[in-house]
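S.K.: no sequence for this one, just the structure:
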Ligand SMILES: N[C@@H](CCC(=O)N[C@@H](CS)C(=O)NCC(=O)O)C(=O)O
């Protein structure tokens, strides 16, 4: 679809991992968009109108029509902009595998949030859960995403849904570790995940979307101190 017929507006919030994945997908696919930063403590009437059920960001508004939920938006982008870079492969079995691991990376985010919500003294159990997910992810992607054993092929031209998901969850992993004084990603235990995320965050396209480290640490610490539930 040519960009001339399209108006794309993304309602987001700068620190949201869900928004980041849509922003990165739009950039990978080269889709021009307008960005509206929402104040989640005082949501705009448009956000409430476009996403009356969840009242959450991201919302993608395409030619006036809203699409909600980040993973739904990613698939919508691939379906409408079906020429050029694709986030998901077309072949059904491969596609199912990509969807499985994309959902698993989302589950990893949920485990990280559980860890954030636990008191410091009660970190052990949720931290074990995070490490177990990282281990499964490391083993899983080794088999089907990096059969040659390393993320050498990562480049701005061939990013897909798993790269998008990983950036949204682990792009700011150092900020998450610093804000919560916890070790999430251990290069010794997860060498492949570590080199994968490292290769990703060095790409200029990815640098454009990952929030600045200090700002991210600041907002996470602020949320933790104010008793926010992730
Ligand atoms: N399942 C949603 C989650 C989106 C979400 O949780 N967004 C948060 C920001 S990180 C939000 O808008 N929160 C506002 C609220 O809960 O009132 C998705 O994948 O898009």
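M.R.: Arrived safely, thanks for sending. Note that the structure is a prediction, hence the values are computed from the model and not measured. Residues are numbered from 1 along each chain as shown.

S.K.: Do you have the helices of this protein handy? List them.
M.R.: 17-29, 45-50, 70-80, 92-117, 124-144, 161-170, 173-180, 191-201, 204-207, 213-225 (DSSP state H).

S.K.: Residue 11 is nearest to which of those helices?
M.R.: Ranking these by proximity to residue 11 (CB to CB) places helix 45-50 first, at 5.4 Å. To be clear about C-beta, it is placed using only N, CA and C from the backbone, and glycine gets the same treatment.

S.K.: interface residues of this structure facing the ligand?
M.R.: Residues of the chain that fall close to the ligand, judged by CB under 6 Å from any ligand atom: 13, 16, 18, 40, 55, 56, 57, 58, 69, 70, 71.

S.K.: about what we covered before: could you dump the helices of the chain into CSV with mean neighbour count and mean pLDDT added?
M.R.: Below are the helices of the chain laid out as CSV (neighbours: other CB atoms under 10 Å; pLDDT from 0 to 100):
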stretch, mean neighbour count, mean pLDDT
helix 17-29, 23, 98
helix 45-50, 14, 98
helix 70-80, 18, 98
helix 92-117, 16, 97
helix 124-144, 16, 95
helix 161-170, 25, 98
helix 173-180, 18, 97
helix 191-201, 19, 96
helix 204-207, 14, 97
helix 213-225, 14, 97
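
S.K.: looking at those, which is closest to residue 155?
M.R.: Of all these, helix 191-201 comes closest under CB to CB, at 8.8 Å.

S.K.: chain center to that closest one, what's the gap?
M.R.: Between the centre of helix 191-201 and the centre of its chain there are 15 Å (CA atoms, centre = their mean, to the nearest Å).

S.K.: what sits up against it?
M.R.: With contacts defined as CB atoms under 8 Å, 6 or more residues apart in numbering, helix 191-201 is touched by 134, 137-138, 141-142, 146, 149-152, 154, 159, 163, 166-167, 170-171, 173, 185-187, 206-207, 210.
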